[in-house]
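*Asks:* build me a model:
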Amino acid sequence: MSVFILLIVAFVADMEPKSTMDMVLIPNMDTIDIVLGSSEKGNVVPSAKPRKKTMTSVYLKYFETAPDGKTRRCKFCGQSYSIATATGNLGRHLSNRHPGYDKTGENVTSSAPQPSTTPTVIKKPQQQGRAPQVDYDHLNWLLIKWLILATLPPSTLEEKWLANSFKFLNPSIQLWPGEKYKAVFREVFRSMREDVRASLEQVSSKVSIALDFWTSYEQIFYMSITCQWIDENWSFRKVLLDICQVPYPCSDSEIYNSLVKVLKMYNIENKVLSCTHDNSQNAIHACHALKEDLDGQKMGPFCFIPCAARTLSLIIDDALRTTKPVIAKVREFVQELNASLDISEDFIQLTTAYKEGSWQFPLDASARWSGSYQMLDLVQKAGKSMDAVVRKNEEMLGNRMLLNTAEKNVVNIVHNYLEPFYKVISEICVNTPPTIGMVIVYMDHISDTITTRQPPDWLKNPAEDMAKKLRSYNNQVCNIFIYMTAILDPRIKCELIPESLNSENYLEEARAHFVRNYYTTTFSSMTSGYSSQDIEDGGAVSFAEEIARKKRRASMSNATDELTQYLSESPAPTKTDVLEWWKVNSTRYPRLSAMARDFLAVQATSVKPDELFCSKGDEIDKQRFCMPHDSTQAILCIKSWTQGGLKLKYKSTEIDYERLMEMAAAAAADISSAGIDKKQK
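*Replies:* Coordinates of the predicted model:
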């Protein structure tokens, strides 16, 4: 970000040498509204007013002083005058003998007398053009990109100190007013949303959506809706659909209405296969209403599932409940380590001496899982060094950070108890995105950990709460849709599916769903034009239709064999790239691969796991909380879309930021070279 600001500074400070033609950014822009090349009056750098030349400077430069210092000699004809001759006489000499002398652009350097028989020819200089007009709209577009990347509202540029800083660099700079920035953001949002809508129209597979909720400092309740699918090249694609305000009282009906509005806006209500929510009751009820709506319209199968990451976060909070006071002490110690170079050096030296591992600063002191687990890790692995550092710096730190034996014992027990959670969460965070099938396997492992370990008495109540939350999650994900998603993960199939999800009935239902929805719809040219509904109808049909049905059923056994053959093979290694596996094997299983594209896009979490468990989420929460209502939707959506690869557009025209940055870099280089030349002189 600092590099970007430096480039802006360079762009501002060295714009005068750039011609308007060189500064063209986007062609054919509508000039009625905010455009590049349409700076408001006052955005032009005024040309420098020529300095009035004195009489002395005009005449004397055409005469050279003799070595004796008593006479001056004309550079054109060699005639000499006394050094005391008035400059007016020198001027009359030049006017009478050398007309046009004052139009030369070059100094005469030869002191030799010129032949008087030939008139002196003075080259008339080319007229200097006016200083090029500078379009500061380019700077304003750079500032727009900065606001997007930094997640700042347009009101940031209304701060007087920032405006004065730009004026210090160049007094002629004109920043847009706040309302103009807001209008640009609204138009950019509309233009880019059309691109998102167009891209979703090209998606041929089912899509999965995820919901996330938060409240801003203005006490406005927001819902973000993301969409994920697998494209034809077997790559995960993800796009933010909208950031929408949920009207008060923010109940399930308001959530449902807002969600349906967004799905209809993008025309994907008939493509949605699943919705992953944040585990709140209002979101569950809204998803249930959406399922009833889609089922009533026969849009196809639809399921909704809880967020696995949020479930794990709630379970971990239960486990840390009794150790929060101890963790607070350790966190205070770590914050002192991060703040003081001397204390951190003491700690490094002591851990080396005690052989308590190597630690990289700054240590993660966030209140999220990553930080809390590192507090536990620090006490267990570097307890001696921690005590020694506190005692050595007792005057600064006091003795409040020293842990007694009982506290250390509690930390060690909780650390060991939560180690499987740490491993699971680390795996989920690095596998982006984690498939629902593998997450189900991880959650089953966590369930075994909770039920098989015998915690001490002070940890039994938290353990019961942890088990209760995990049972609730398992009950919600035990359905045919999650089963089909799991078995289509080639690393899992039927062998690694948890016992609670493994059912003969589920397997038969999965087989029936495959035949009914993927044999005829995906390969309709092979089915004589009959849909899956024709197969299910039990009403009267003609004799010809009965014959066609028999032939179709006979051919369906071949389709069913794809699923049978797939499940009969051993699971792939756990390190296998699932989408790459299906990309390679799609020719072997053409119908089943179509089903895999749909179901493997089901999202296991409603947010990215690293945003929930790591300190990265603190920055995101702060940005969301501080964003004003008039900027939240546009700024957050535009940022997400540009990070996803979409180009920033104003109306129908793409903003060429690469060109702008090249210009800024060139300006910075010019300033640097000019500074070097100045020093050399």
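*Asks:* return the helix or strand in this protein with minimum mean pLDDT.
*Replies:* Least confident element among the helices and strands of the chain, by mean pLDDT, DSSP states H and E: helix 532-536 (a mean of 37).
*Asks:* ok, and the closest non-adjacent residue to Ser385?
*Replies:* Leu350 (4.0 Å; C-beta to C-beta, 6 or more residues apart in numbering). Yep, even glycine has a C-beta here, placed from its N, CA and C like the rest.
*Asks:* separation between that neighbour and Asn393?
*Replies:* Distance, Leu350 to Asn393, by C-beta to C-beta, to the nearest Å: 11 Å.
*Asks:* and Ile268, by the same measure?
*Replies:* 59 Å.
*Asks:* state the phi and psi torsions of Asp242.
*Replies:* The phi/psi pair for Asp242 (degrees, to the nearest 10) reads phi -170, psi 160.
*Asks:* which residue packs closest to it, ignoring adjacent ones?
*Replies:* In this structure, Asp242 finds its nearest non-sequential neighbour in Val262, 4.8 Å apart by C-beta to C-beta, 6+ apart.
*Asks:* which elements pack onto the helix or strand harbouring that neighbour?
*Replies:* Secondary structure from DSSP states H and E places Val262 in helix 252-265. In terms of contacts (3 or more C-beta pairs under 8 Å, 6 or more residues apart in numbering; DSSP states H and E), helix 252-265 is packed against strand 207-215, strand 221-230, strand 236-245, helix 281-296.
*Asks:* now that helix, how far from the centre of its chain.
*Replies:* 25 Å (C-alpha atoms, centre = their mean, to the nearest Å).
*Asks:* now stretch 271-286
*Replies:* 24 Å.
*Asks:* now it - C-alpha only, PDB.
*Replies:* The C-alpha atoms that make up stretch 271-286 are tabulated as PDB, following Å, rounded to 0.1, in the frame of the first residue of the first chain:
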ATOM      1  CA  LYS A 271     -29.200 -23.400 -10.200                       C
ATOM      2  CA  VAL A 272     -28.800 -23.300  -6.400                       C
ATOM      3  CA  LEU A 273     -28.100 -26.700  -4.900                       C
ATOM      4  CA  SER A 274     -27.100 -25.800  -1.400                       C
ATOM      5  CA  CYS A 275     -26.800 -23.000   1.100                       C
ATOM      6  CA  THR A 276     -24.200 -22.900   4.000                       C
ATOM      7  CA  HIS A 277     -25.300 -20.700   6.900                       C
ATOM      8  CA  ASP A 278     -23.700 -19.300  10.000                       C
ATOM      9  CA  ASN A 279     -25.500 -21.700  12.400                       C
ATOM     10  CA  SER A 280     -27.900 -19.000  13.700                       C
ATOM     11  CA  GLN A 281     -31.500 -19.900  14.200                       C
ATOM     12  CA  ASN A 282     -32.800 -17.100  12.000                       C
ATOM     13  CA  ALA A 283     -30.500 -18.300   9.100                       C
ATOM     14  CA  ILE A 284     -31.700 -21.900   9.600                       C
ATOM     15  CA  HIS A 285     -35.400 -20.800   9.400                       C
ATOM     16  CA  ALA A 286     -34.700 -18.600   6.400                       C
END
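*Asks:* you'd agree Pro252 is up against Leu290?
*Replies:* Heads up, residue 252 is Asp, not Pro. No - Asp252 lies out of contact with Leu290 (C-beta atoms under 8 Å); the separation is 10.2 Å.
*Asks:* look at these two and report which has more neighbours.
*Replies:* Leu290 (21 against 17; other C-beta atoms under 10 Å).
*Asks:* contacting residues for the more buried one?
*Replies:* 256, 259-260, 275, 302, 304 (C-beta atoms under 8 Å, 6 or more residues apart in numbering).
*Asks:* and for Ala467?
*Replies:* Per C-beta under 8 Å, 6+ apart, neighbours of Ala467: 447, 450-451.
*Asks:* returning to that earlier point: between Ile268 and Asn393, who's got more neighbours?
*Replies:* It is Ile268, of Ile268 and Asn393, that has more neighbours when counted by other C-beta under 10 Å, with 20 against 17.
*Asks:* would you mind measuring from that one to Val262?
*Replies:* Here the distance between Ile268 and Val262 works out to 9 Å (C-beta to C-beta).
*Asks:* could you do Arg193 as well?
*Replies:* For Arg193 relative to Val262 (C-beta to C-beta), the value is 11 Å.
*Asks:* and stretch 85-93, how far out from the chain's middle?
*Replies:* The answer for stretch 85-93 is 74 Å, by C-alpha atoms, centre = their mean.
*Asks:* average pLDDT for that stretch?
*Replies:* The average pLDDT for stretch 85-93 rounds to 77.
*Asks:* got the buried residues for it?
*Replies:* 90-91, 93 (16 or more other C-beta atoms under 10 Å).
*Asks:* with stretch 216-228 instead?
*Replies:* Using 16+ other C-beta under 10 Å as the test for burial, stretch 216-228 gives 216, 220-228.
*Asks:* quick check: bridge partners of Asp212?
*Replies:* Ser224 (DSSP bridges).
*Asks:* what is the burial count for it?
*Replies:* Quick note: Asp212 (other C-beta under 10 Å) scores 23 neighbours.
*Asks:* repeat that for Val441.
*Replies:* Val441 has 19 nearby residues by other C-beta under 10 Å.
*Asks:* what's the helix or strand for it?
*Replies:* Judged by DSSP H and E, Val441 forms part of helix 436-452.
*Asks:* over to Lys408?
*Replies:* Counting by DSSP H and E, Lys408 is found in helix 405-430.
*Asks:* need the contact list for the residue nearest to Ser385.
*Replies:* Neighbours of Leu350 in contact, by C-beta under 8 Å, 6+ apart: 356, 384-385, 388-389.
*Asks:* report the buried members of those residues.
*Replies:* 356, 385, 388-389.
*Asks:* on that earlier part again, quickly list what's touching both of Leu350 and Asn393.
*Replies:* With C-beta under 8 Å, 6+ apart, Leu350 and Asn393 have no common neighbours.
*Asks:* secondary structure class of Asn270, three-state.
*Replies:* What DSSP: H, G, I helix; E, B strand; the rest coil gives for Asn270 is coil.
*Asks:* any idea how far it lies from Ser500?
*Replies:* Separation of Asn270 from Ser500 (C-beta to C-beta): 32 Å.
*Asks:* also Leu507?
*Replies:* Distance from Leu507 to Ser500, by C-beta to C-beta: 15 Å.
*Asks:* fine by me, thanks again.
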